[in-house]
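Student: the amino acid sequence is not available; the structure is as follows:
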């Protein structure tokens, strides 16, 4: 019987079996950020332990950092203390840090691929659930808690139960204005927010094969929103081209690259590989997706009405009532009739250069609606520099949109960028949980084009009808 | 870590599905570099009103749950962010056991707890128990009818006994490794370091590019 991509990575990383039935899994890359690491470093200090492989451990700061011009001077003393703790910890324990102000600082899941830290066939972990992003390269990448962060630091391994495998096939071709964000939201709506629990998803099918690496990262990023342990896509020529198209600091070159390529080509799941579960989604029929509720599975097509307590499949009526009340929505409402207050284009889901190009294309020669606050936050300083080289920042600024520095920004409200209570936001991020973007804030997850169009129209739009919609006239 | 064998305590019920870790401990409390001090901020946005007073509409604030240490809730508890702060907050707020139902959707089993949350809980000596939806419904029913309802959880026997007027005992399953770790209370880094020579040997030949 053939093997899946997951099995081909898992097996050569098993250091040994543990008597209780789990495995000691070797970790090739450990990414670290300021929020989930301080207690792990402190634990090592108390126990007198060191990092086993500091050269496989890489750090940056993203969650707490302001993204405005004066970002180097963090005003919030608690955020500042956390950022300074990371600086000290990296220095004391010999970990490479891409500090605030460095050209390679950015959201941890965006800088990893950029620098060639993320490669096919590797195991990669980070104290952050969106670590699943890196699976787009055909790596096994997953989020861990702080106790596990410390465990990896000290042992370069994790004790893991072998997850099950789940094949998600997207057949057909995407219609215009439909993006990988729509694919993954559709999948979460179909599978539910716990449907992938205990499983590693492998995305495949024609619609996935045709996606760029950046678009693939957006899908894998949100695997966790379906409850999955990880999400992966088999490496192919698109993957290899991304890795080799420009110098990437940690990617192999020369003879090592040739050897790596030969190995990477063996990774895709065999034709006769067997998955524990399978889901097939017709990508050709997917419409623009938008969340209406308080988790990413509460999602509809943009032309569907907001469901009610008895019509939201899979959710019990009490949960739907809570969600509708929090979101300030009534059943039957068309979201295209609903105004937005804030538009956030950013996050580890959608803040790479292609996302910014899509947004800029909408904003070009247009203005954001007067009542809307709109911000574009590049995922990394490299993305920011690239966008400026292409002149995208001029388009954003001319449209009245704020152009920021790299960070998590309004995805999670740990920094100055937050929603005010009851503000409604079109967001390209990954979570519409209560309070996620600021206490009382109301998040609707959409693609970058849908978010940018909402900023211009001042309300949600069906991007398929764009640009006939013009709220400025 | 304190070993876990049995626990008897008051049950509190939270009738929500998909309770995410942002709800369990909101983002502003993640700026701390300490492992302690999270307890009073568990469920912060639901627990307190805008002026900081306890929100009497929030179920867990009800006086009938005074002294609670066992949380009984709905499916997919602890989803979302990997923040271990969620487990620290619950533990420091007095919860030692969390019970939630697995369920079946489209013929597939959906776990009661999110994967990362479950791992984080176990590493902090907190027992998470999966029961069926019917069993959890029964606990909710008893908790409504009996103020201060208690339960005894026996990890060794893998049983939950609800101290209801009628004898109510449920069995649960648990991964062998999780059970051993909870009962022993041993530091899992110490346990792994027993295999250090295996790790060293592995590293001698492991080539990530093969």
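Tutor: In hand now; what should we look at? If you're wondering where the values come from, they're calculated on a predicted model, not measured in any experiment.
Student: in chain B, which spans are helices?
Tutor: Here chain B has its helices, by DSSP state H, at B:21-24, B:44-47, B:85-92, B:115-123, B:133-145, B:176-184, B:188-193, B:196-205.
Student: my error: substitute the stretch 1-150 of chain A in the last question.
Tutor: In the stretch 1-150 of chain A, the helices defined using DSSP state H, counting those that start in this stretch lie at A:5-10, A:38-47, A:77-93, A:108-114, A:146-155.
Student: burial-wise, tell me which of those helices comes out on top.
Tutor: Ranked by mean neighbour count under mean count of other C-beta atoms under 10 Å in any protein chain shown, the helices of the stretch 1-150 of chain A are led by helix A:108-114, which reaches a mean of 27. All C-beta atoms are positioned from the backbone trio N, CA, C, and that covers glycine.
Student: shaky segments in the stretch 101-250 of chain A?
Tutor: Scanning the stretch 101-250 of chain A for pLDDT under 70 picks out no residues.
Student: burial count for residue 62?
Tutor: All of this is about chain A. 29 (other C-beta atoms under 10 Å in any protein chain shown).
Student: try again with chain B
Tutor: The tally of other residues near residue B:62 (other C-beta under 10 Å) stands at 14.
Student: same thing with the one 10 residues further on?
Tutor: Taking other C-beta under 10 Å as the criterion, the count of residues near residue B:72 is 26.
Student: who's in contact with residue 7?
Tutor: Using chain A. The contact partners of residue A:7, by C-beta atoms under 8 Å, 6 or more residues apart in numbering or on different chains, come to A:165, A:273.
Student: look at chain B instead
Tutor: Residue B:7 neighbours (C-beta under 8 Å, 6+ apart): B:69, B:70, B:96, B:97, B:127, B:152, B:153.
Student: now for the biggest strand by length in chain A, which elements pack on it?
Tutor: Ranked by residue count and defined by DSSP state E, the top strand of chain A is strand A:164-171. Judged by 3 or more C-beta pairs under 8 Å, 6 or more residues apart in numbering or on different chains; DSSP states H and E, strand A:164-171 is in contact with strand A:199-204, helix A:206-209, strand A:277-282.
Student: what lines up beside the first one in the sheet?
Tutor: What it means is strand A:199-204. Taking DSSP bridges as the criterion, strand A:199-204 forms sheet pairs with strand A:164-171 (parallel), strand A:230-232 (parallel).
Student: and those strands as a markdown table, adding distance to residue A:204?
Tutor: Converted to a markdown table, these look like this (distance: least, C-beta to C-beta, whole Å):
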| stretch | distance to residue A:204 |
| --- | --- |
| strand A:164-171 | 5 |
| strand A:230-232 | 9 |
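Student: sorry, back to before: with mean neighbour count added, can I get the helices and strands packed on strand A:164-171 in CSV?
Tutor: Converted to CSV, the helices and strands packed on strand A:164-171 look like this (neighbours: other C-beta atoms under 10 Å in any protein chain shown):
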stretch, mean neighbour count
strand A:199-204, 27
helix A:206-209, 19
strand A:277-282, 15
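Student: closest to residue A:85 out of those?
Tutor: Closest of the helices and strands packed on strand A:164-171 to residue A:85 is strand A:199-204, at 32.8 Å (criterion: C-beta to C-beta).
Student: neighbouring contacts of that closest one?
Tutor: A:4-6, A:140, A:163-170, A:216, A:219-220, A:223, A:226, A:228-234, A:269, A:275-277.
Student: around residue 21, how many other residues sit close by?
Tutor: Picked chain A for this. Residues near residue A:21, counting by other C-beta under 10 Å, number 11.
Student: try again with chain B
Tutor: Using other C-beta under 10 Å, residue B:21 has 27 other residues around it.
Student: what's the closest of the strands paired with strand A:199-204 to residue A:42?
Tutor: Residue A:42 sits nearest to strand A:230-232 of all the strands paired with strand A:199-204, at 27.9 Å, using C-beta to C-beta.
Student: is chain B within reach of the helix or strand following that closest one?
Tutor: Downstream of strand A:230-232, the next assigned helix or strand under DSSP states H and E is helix A:237-244. No: residues of helix A:237-244 contacting chain B under C-beta under 8 Å from any C-beta of the partner chain: none, with a closest distance of 11.8 Å.
Student: same question for stretch A:176-186.
Tutor: No: using C-beta under 8 Å from any C-beta, stretch A:176-186 never reaches chain B; the gap is at least 15.4 Å.
Student: now what about that stretch, what contacts it?
Tutor: Stretch A:176-186 is contacted from outside by A:170, A:174, A:207-208, A:211, A:215-216, A:218-219, A:221-223, A:225, A:281, A:283, A:286-291, A:296, A:299, A:349-350, A:358, A:428, A:445-449, A:463-464, A:466, using C-beta under 8 Å, 6+ apart.
Student: buried ones in the top strand by length along chain B?
Tutor: For chain B, the longest strand by residue count, based on DSSP E, is strand B:6-13. Judged by neighbour count using 16 or more other C-beta atoms under 10 Å in any protein chain shown, the buried positions of strand B:6-13 are B:7, B:9, B:10, B:11, B:12, B:13.
Student: quick one, that strand and helix B:133-145 angle?
Tutor: Calculated by axes from the mean of the first three to the mean of the last three C-alpha atoms, to 10 degrees, strand B:6-13 forms an angle of 80 degrees with helix B:133-145.
Student: strand B:6-13 pairs with which strands, and in what direction?
Tutor: Applying DSSP bridges, strand B:6-13 is found paired with strand B:68-72 (parallel), strand B:150-154 (antiparallel).
Student: export those as a markdown table, with columns for mean pLDDT and distance to residue B:48.
Tutor: Shown next, in a markdown table, are these (pLDDT from 0 to 100; distance: least, C-beta to C-beta, whole Å):
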| stretch | mean pLDDT | distance to residue B:48 |
| --- | --- | --- |
| strand B:68-72 | 98 | 18 |
| strand B:150-154 | 98 | 27 |
